[in-house]
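> take a look and give me a structure for this.
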Amino acid sequence: MNLKLASTNKKTINRGTSDMNTSNHGTSSTNPGDEAAPGTPGTGENICPVCNGNGRTDTGECKNCGGTGKVIEGIGGA
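Numbers count the residues shown, from 1 in each chain. Below you'll find the predicted structure:
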């Protein structure tokens, strides 16, 4: 009995590359409204206070959150 395993082609998605756009969607870069880089211990996502989580302002993409609608902030309080 001969079995052939089908090969699967998996497409690699490169997030945050310059050919996508100039915002920080999907990257680990910080935006002006971030207090720390994503994944920093003791931080979490919050709704951007400038665009109220929309990612846009009257003038276009929100500069505070880079258009994501989220900012990284410290959690807890000491």
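> mind checking what secondary structure residue 51 has?
coil (DSSP: H, G, I helix; E, B strand; the rest coil).
> got the contact list for it?
The neighbours of residue 51, taking Cβ atoms under 8 Å, 6 or more residues apart in numbering as the test, are 57, 62, 64-65, 69. The C-beta positions use only the backbone N, C-alpha and C, and glycine is treated the same way.
> so for it, what's the pLDDT?
pLDDT recorded at residue 51 is 98.
> that older thread, name the member of the contacts of residue 51 that has the highest neighbour count.
With neighbours taken as other Cβ atoms under 10 Å, the top of the contacts of residue 51 is residue 65, carrying 29 neighbours.
> what kind of secondary structure is it in?
Applying three-state DSSP: residue 65 is coil.
> didn't it look like it was pressed against residue 29?
No: counting by Cβ atoms under 8 Å, residue 29 is not a contact partner of residue 65; they are 11.7 Å apart.
> where along the chain do the strands fall?
43-47, 56-57, 60-61, 70-74 (DSSP state E).
> out of the ones you listed, which comes closest to residue 33?
Checking these against residue 33 by Cβ to Cβ gives strand 70-74 as the closest, at 4.0 Å.
> separation between the residue lying closest to residue 36 once chain neighbours are set aside and residue 56?
The spatial neighbour of residue 36 that comes closest, neighbours along the chain excluded (Cβ to Cβ, 6 or more residues apart in numbering), is residue 43 at 4.7 Å. Between residue 43 and residue 56 the distance is 24 Å, computed by Cβ to Cβ, to the nearest Å.
> with neighbour numbers in mind, choose between these two.
residue 43 (18 against 13).
> how far away is the closest residue to residue 62 other than its chain neighbours from residue 39?
On the basis of Cβ to Cβ, 6+ apart, the spatially nearest residue to residue 62 that is not a chain neighbour turns out to be residue 51, at 3.9 Å. Going from residue 51 to residue 39 by Cβ to Cβ gives 22 Å.
> try residue 52
Counting by Cβ to Cβ - residue 52 and residue 39 are separated by 24 Å.
> who has more neighbours out of those two?
residue 52 (12 against 8).
> just for this structure, where's the confidence low?
Low-confidence regions of the chain, defined by pLDDT under 70, span residues 1-28, 78.
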